[in-house]
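okay, sequence plus prediction incoming.
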Amino acid sequence: MKQHLTILGATGSIGVSTLEVLRRHPECYEIHALTAHRNLLGLARQCVDFRPRLAVVPEAAQLDELARILRMLDPHCPTVLRAGEGALEEVASAPEVTTVMAAIVGAAGLASTLAAARSGKKILLANKESLVMSGPLMMQAVVQGGACLLPVDSEHNAIFQCWPKDEGGRSGVEKVLLTASGGPFLNTPLQDLVKVTPEQACQHPKWRMGKKISVDSATMMNKGLELIEACWLFGLPPEKVEIVIHPQSLIHSLVGFIDGSFLAQLGHTDMRIPIAHALAYPQRQSSGVPLLDLTVAGPLTFLPLERQRFPAVALAEQAMQAGGTAPALLNAANEVAVAAFLAGHLNFRAITDTIAQVLDQLPTQACTTLEEVMEADRRARHSAELILSGRNPC
Ligand SMILES: NC(=O)C1=CN([C@@H]2O[C@H](COP(=O)(O)OP(=O)(O)OC[C@H]3O[C@@H](n4cnc5c(N)ncnc54)[C@H](OP(=O)(O)O)[C@@H]3O)[C@@H](O)[C@H]2O)C=CC1
Ligand SMILES: CC(=O)[C@@H](O)[C@H](O)COP(=O)(O)O
Ligand SMILES: [Mn+2]
């Protein structure tokens, strides 16, 4: 039976890789909807190529321009255009949709991912921020909605592939080893980190990704978010998730067992592998990526995490331990600080300093609803913006 897909964030790095995998298997997939934010030309081209039933943008004011571009590229394209926040949730939960690729970046993806969970979809989760912000709420929505949450993030997809398949689902697991490349500044002298540029921070040594996640990899907030993501996906306390630096990024993560075995997943640094895996699960399908030739891969090296260089990891661990709104505050402060860094308004080191200040200033509260999570998100953004504008937040 064909899967009917909505791709949230179709114009991004993950969205484009997803479409490349789908193109290989036209007999298996039908595209219900593609969504984008600013890249209207990219979205229109995808509509011409893939003929989704719907194309969605966040703002009604963008619709005329999108329609004009689409008419110019292909006057006969049958895709219907929609706009508005509600439209994202609608295409994530429509009854005819079986599968949702959650690949919007940041908190903007939360409501639509949650809608997919509540309506029982197969969710391919790239948008880690939505799970970080709303852990218990999202996991409860998955269970109550009868959804199937499959990790696409390369590390979590690797862990999922190595995870025991017994009934309870965790027999004999001692810990999880989350591999980290170390990012572009693994060997940069610490005193030089204040002057690194957004261009340098976005030059990830192993992966081509969107700008926000690239900066997160450089500060290693990406690994902090992934630690929280792993705790929710696999039901682990943070102390069972260990981060190890693996600069080659060929082992995507490992599961360690009480008998002394490690299971690891290896492959090229190409997101089509975890995307193809999650799409076809529990079957396998070709991704377009060949197997790694181990005789030419070179040595695989591992180093302990240098905590002084990457203070973001401790901030994420503290937020996970604190629970409640703390991970949402962490995520929102990070999004504001990364955007300020990318805009040239903040030095690289000040990203984590800003997040630490926000977490110090705002109390952690219990939260059980989407509205409470979004309120925490708003408070942290406000607080971070006041800090960045040099005013004293109250
Ligand atoms: N890239 C990768 O290899 C990996 C990414 N991830 C995660 O996947 C997610 C996507 O990352 P990536 O593809 O790199 O990011 P990109 O920046 O490349 O793409 C982001 C996508 O989200 C859309 N978008 C951005 N803001 C909004 C908004 N406010 N409302 C609706 N849509 C929006 C963008 O639209 P437009 O382009 O039209 O503006 C684009 O389609 C992130 O959560 C990231 O952490 C996880 C593992 C690996
Ligand atoms: C491809 C992927 O999953 C990214 O999250 C990647 O892991 C980033 O690399 P590092 O965060 O390890 O630098
Ligand atoms: Mn990852």
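Yep, it's here. Numbering: from 1, shown residues only. Ligands and ions are numbered 1, 2, ... in the order given.

up against ligand 2, what does this protein have?
153-155, 180-181, 183, 207, 217, 222-223, 271 (C-beta under 6 Å from any ligand atom). Quick note: C-beta positions are derived from backbone N, CA and C, even for glycine.

show me those that map onto helices.
154-155, 217, 222-223 (DSSP state H).

please name every helix or strand in contact with the helix or strand that Ala340 is a member of.
Assigned by DSSP states H and E, Ala340 falls within helix 326-342. In terms of contacts (3 or more C-beta pairs under 8 Å, 6 or more residues apart in numbering; DSSP states H and E), helix 326-342 is packed against helix 128-145, helix 198-201, helix 211-219, helix 221-234, helix 312-322, helix 349-361, helix 370-388.

for the longest one, C-alpha coordinates in PDB please.
Taking Å, rounded to 0.1, in the frame of the first residue of the first chain, the C-alpha atoms of helix 370-388 are listed here in PDB:
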ATOM      1  CA  LEU A 370       1.000  23.100  24.300                       C
ATOM      2  CA  GLU A 371      -0.100  26.600  25.500                       C
ATOM      3  CA  GLU A 372       2.200  26.300  28.600                       C
ATOM      4  CA  VAL A 373       5.100  25.200  26.400                       C
ATOM      5  CA  MET A 374       4.500  28.000  24.000                       C
ATOM      6  CA  GLU A 375       4.300  30.500  26.900                       C
ATOM      7  CA  ALA A 376       7.700  29.300  28.200                       C
ATOM      8  CA  ASP A 377       9.000  29.700  24.700                       C
ATOM      9  CA  ARG A 378       7.700  33.300  24.500                       C
ATOM     10  CA  ARG A 379       9.100  34.200  28.000                       C
ATOM     11  CA  ALA A 380      12.600  32.900  27.100                       C
ATOM     12  CA  ARG A 381      12.600  34.700  23.700                       C
ATOM     13  CA  HIS A 382      11.700  37.900  25.400                       C
ATOM     14  CA  SER A 383      14.300  37.500  28.100                       C
ATOM     15  CA  ALA A 384      17.000  36.600  25.600                       C
ATOM     16  CA  GLU A 385      16.100  39.600  23.400                       C
ATOM     17  CA  LEU A 386      16.300  41.900  26.500                       C
ATOM     18  CA  ILE A 387      19.700  40.500  27.400                       C
ATOM     19  CA  LEU A 388      20.900  41.000  23.800                       C
END
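
and the contacts of that helix?
Residues from elsewhere that reach helix 370-388 (C-beta atoms under 8 Å, 6 or more residues apart in numbering): 107, 110-111, 114, 133-134, 137, 325, 328-333, 335-337, 340, 345-346, 354-355, 357-358, 361-362, 365, 367, 392-393.

return the set of residues that bridge with His244.
Wrong residue type there; residue 244 is Val, not His. Thr179, Pro304 (DSSP bridges).

going forward, begin numbering at 48 instead of 1
Let's use 48 as the start, then, which means that last one is Val291.

ok, now which ones touch it?
224-227, 349-352.

how about Gln93?
Applying C-beta under 8 Å, 6+ apart, the residues near Gln93 are 57-58, 66, 81, 99, 102.

narrow those residues to those in helices?
Leu66.

and which of the ones in helices among the residues of the chain next to ligand 2 is nearest Val127?
Ser201 (34.0 Å; C-beta to C-beta).

which SSE is Val63 in?
Val63 belongs to helix 60-71, assigned by DSSP H and E.

near ligand 3, anything from that helix?
No - judged by C-beta under 5 Å from the ion, helix 60-71 and ligand 3 are separated, with a smallest distance of 10.8 Å.

now tabulate the residues of the chain next to ligand 2 in CSV and tack on pLDDT.
Output for the residues of the chain next to ligand 2, formatted as CSV (pLDDT from 0 to 100):
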residue, pLDDT
Asp200, 98
Ser201, 98
Glu202, 98
Ala227, 98
Ser228, 98
Gly230, 98
Trp254, 98
Ser264, 98
Asn269, 98
Lys270, 98
Met318, 98
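
list the contacts for the closest residue to Ala431 other than its chain neighbours?
Spatial nearest neighbour of Ala431, chain neighbours left out: Val383 (3.9 Å); criterion: C-beta to C-beta, 6 or more residues apart in numbering. The contact partners of Val383, by C-beta under 8 Å, 6+ apart, come to 401, 427-428, 431-432, 435.

hmm, back to that, which of the contacts of Val291 has the most neighbours?
Thr226 (26 neighbours; other C-beta atoms under 10 Å).

if we can go back for a sec, between the helices and strands packed on helix 373-389, which one is closest to ligand 1.
helix 258-266 (4.0 Å; C-beta to the nearest ligand atom).

residues contacting the closest one, please?
Residues contacting helix 258-266 (C-beta under 8 Å, 6+ apart): 152-153, 228, 230-232, 243, 245, 248-251, 254, 256, 269-270, 272, 357, 359, 381-382, 385-386, 388-389, 395, 398-399.

out of the residues you listed, which are buried?
The neighbour count (16 or more other C-beta atoms under 10 Å) marks 152-153, 228, 230-232, 243, 245, 248-249, 251, 254, 256, 269-270, 272, 357, 359, 381-382, 385-386, 388-389, 395, 398-399 as buried among the contacts of helix 258-266.
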